[in-house]
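1. Provided below are the primary sequence and the corresponding predicted coordinates.
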Amino acid sequence: MRTAVVEGRQLVVLASVSDAVVASPLFGGLAAQSYETASQRIHVVAVDGEIYRAATPLAGPRSYITFDPVRRRFVSLLPSIRVELNGGAAVEVAAAAVGATDVTLFESAGFAILDLPSDLHPTDALAILDDLPGVPAASLRLRPPRIRWR
């Protein structure tokens with residue numbers, strides 16, 4: 001079980017493969033497990049005696065999921081990362097290192113979005129970039145909540 005700070009919140013990043021039950025002392029004994037059925041990956045999180053479940057596809061952009069222990073809800077990760085711009089070729093180096101399929105620059109806002117290959121988990125992309133010298137800060141991106149029309 002990995003944790004990540006995304007948009008100022010500490011989230012638990014759930015496995016994108018089947019794994020054993022893993023407990024985290026960071027969140028009062030939160031325990032998480034992921035397992036696969038024929039068509040889905042099922043994620044089960046236990047916190048303070050409450051059980052939370054979510055299902056994701058086995059592969060693809062909607063297969064990356066986190067759990068927010070404070071809000072007690074699942075949040076999907078986007079299959080891309082945000083890279084801060086701090087000059088020249090650093091974004092190109094970052095894109096090449098993770099094998100980005102597309103790069104969208106937002107120069108006036110000071111960041112770029114790197115679309116990741118379908119077989120690269122966003123947290124793995126961050127780990128790759130953390131090992132490279134001179135690459136700017138990168139962060140995970142959350143899928144925005146669905147709009148509820150009335």
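-> Received it, and whenever you're ready, just let me know what you need.
2. how far away is Tyr35 from Ile51?
-> Taking CB to CB, to the nearest Å as the measure, Tyr35 falls 14 Å from Ile51. Where C-beta positions appear, they are placed from N, C-alpha and C, glycine not excepted.
3. where does the chain have its least confident helix or strand?
-> The weakest-scoring helix or strand in the chain, judged by mean pLDDT, DSSP states H and E, is strand 19-24 (a mean of 58).
4. list the buried residues of the helix or strand following that strand.
-> Counting by DSSP states H and E, the next helix or strand C-terminal to strand 19-24 is strand 30-36. The neighbour-count check on strand 30-36 (16 or more other CB atoms under 10 Å) flags Leu30, Ala32, Gln33, Ser34 as buried.
5. max pairwise distance over those residues: which two?
-> Greatest spatial distance in those: Leu30 and Ser34, 13.7 Å, computed using CB to CB.
6. list the contacts of stretch 63-73.
-> The contact list for stretch 63-73 (CB atoms under 8 Å, 6 or more residues apart in numbering) reads 4, 6, 9-14, 16, 27-28, 30, 32, 41, 43, 45, 47, 50, 52, 54, 56-57, 74-79, 121-122, 142.
7. from start to finish, how long is stretch 64-75 in a straight line?
-> End-to-end distance for stretch 64-75: 9 Å, by CA to CA, to the nearest Å.
8. tell me who's in contact with the residue nearest the centre of the chain.
-> Residue closest to the average C-alpha location in the chain (CA atoms, centre = their mean): Leu77, at 4.3 Å. Under the criterion of CB under 8 Å, 6+ apart, the neighbours of Leu77 are Val6, Val13, Tyr64, Ile65, Thr66, Pro122, Leu140, Arg141, Leu142, Arg143.
9. you'd agree Asp115 is up against Val83?
-> No: contact between Asp115 and Val83 fails when scored by CB atoms under 8 Å: they sit 11.5 Å apart.
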